[in-house]
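Novice: pasting a predicted model and its sequence here:
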Amino acid sequence: LGELSADYEAEPTNITTVKNMANVLEKMEDFDQALGFYNYALTLNPGDVAMQRKIELLTDKVRDLQIAAIEADIEGRPDAPDIEERRAELAEIKRQRGMKAVEEAKQRVDRNPTDKAYRFDLGQAYFNCGMFGEAIPELQQARTNPNLRIKALLMLGKCFEKKNMNDLAINAFSDAAKDMPAMDNIKKELLYELAMVYEKVGKRDEYLECLKEIYNFDYGFIE
């Protein structure tokens, strides 16, 4: 860092030096300063999409650390006089984080509207904020990508279920499960979600069949 600092002082607009400074500071877990240098590097090369994504990911990491610290504080002193204020603070930080994630995902979609991975990220960001109606069209586009189809259908089914569109939820979960011959954790989750919707709409036999299929492979999954 000392060597890089000297290089930076001599030539502060050298983008390679600026990036190296940011990288070293990140490795030292000085995330605030690292973000400052990454953002400065982006001003030197505004079209650097990889740098934009790097900044977004590191910002998310900083937010996650902040949330984890508050959660640990709440868990460690549940009877503290300011515990309700801390819980409210945590809820607000999570809300802001969710809305920021939506904003960033929107920007990526605006830059690359045909990229289905970015559509999935936006759908997921909407889903995490409880914006299920907004998530649905993004996930419907994402499911056309073979590599994203299962994950998109799983989340799409959850969105439909949250909006009480149960027939569409059943279709999404069923289509995804049919595409998965092997019984892995994702298929177990799909079958479980499908079972819950069947139970919700009073289809008891279908509900039990889904659970039996899971039990045949992993009795402890539902426990």
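Specialist: Great, that's in hand.
Novice: name the element the closest residue to residue 153 other than its chain neighbours belongs to?
Specialist: Setting aside the residues directly before and after it, residue 153 is nearest to residue 176 in space (Cβ to Cβ, 6 or more residues apart in numbering), at 3.7 Å. C-beta coordinates here come from the backbone N, C-alpha and C atoms, glycine included. Element membership for residue 176 (DSSP states H and E) is helix 166-178.
Novice: and the next element down the chain from that helix?
Specialist: Using DSSP H and E, the helix or strand that follows helix 166-178 in sequence is helix 185-200.
Novice: that following helix - what's its average pLDDT?
Specialist: Averaging pLDDT along helix 185-200 gives 95.
Novice: residues making contact with that helix?
Specialist: 150-151, 154, 157-158, 161, 166, 169-170, 173-174, 176-177, 180, 204, 206-207, 210-211, 213-214, 217-218, 221-222 (Cβ atoms under 8 Å, 6 or more residues apart in numbering).
Novice: how about 6 Å then?
Specialist: 154, 161, 166, 169-170, 173, 176-177, 180, 206-207, 210-211, 213-214, 221 (Cβ atoms under 6 Å, 6 or more residues apart in numbering).
Novice: give me the angle between the helix or strand that comes right after that helix and helix 185-200.
Specialist: The first helix or strand that comes after helix 185-200 along the chain, using DSSP H and E, is helix 204-217. Following axes from the mean of the first three to the mean of the last three Cα atoms, to 10 degrees, one obtains 160 degrees for the angle between helix 204-217 and helix 185-200.
Novice: dump the residue contacts of residue 153.
Specialist: 143, 172, 175-176.
Novice: helix, strand, or coil at it?
Specialist: Secondary structure for residue 153, judged by DSSP: H, G, I helix; E, B strand; the rest coil, is helix.
Novice: shaky segments in this protein?
Specialist: The chain contains residues with pLDDT under 70 at 222-223.
Novice: now with 80, please.
Specialist: Along the chain, the parts satisfying pLDDT under 80 run over 219-223.
Novice: for it, what spans make up the helices?
Specialist: 2-10, 15-27, 31-44, 49-76, 83-111, 116-128, 132-142, 149-162, 166-178, 185-200, 204-217 (DSSP state H).
Novice: what packs against the longest one?
Specialist: Counting contacts by 3 or more Cβ pairs under 6 Å, 6 or more residues apart in numbering; DSSP states H and E, helix 83-111 packs against helix 49-76, helix 116-128.
Novice: pull out the buried residues from that helix.
Specialist: Across helix 83-111, burial judged by 16 or more other Cβ atoms under 10 Å covers 90, 94, 97-98, 101-102, 104-106, 108-109.
Novice: ditto for stretch 6-21
Specialist: Judged by neighbour count (16+ other Cβ under 10 Å), stretch 6-21 contains these buried residues: 7-8, 15, 17-21.
Novice: which residues sit against that stretch?
Specialist: Outside stretch 6-21, the residues within contact range by Cβ under 6 Å, 6+ apart are 4, 37, 40-41, 44-45.
Novice: and stretch 28-42, by the same measure?
Specialist: Defining contact as Cβ under 6 Å, 6+ apart, one finds that stretch 28-42 is touched by 15, 18-19, 21-22, 25-26, 51, 55, 58, 62.
Novice: what of stretch 98-113?
Specialist: Stretch 98-113 has contacts (Cβ under 6 Å, 6+ apart) with 56, 118, 121-122, 125, 128-129.
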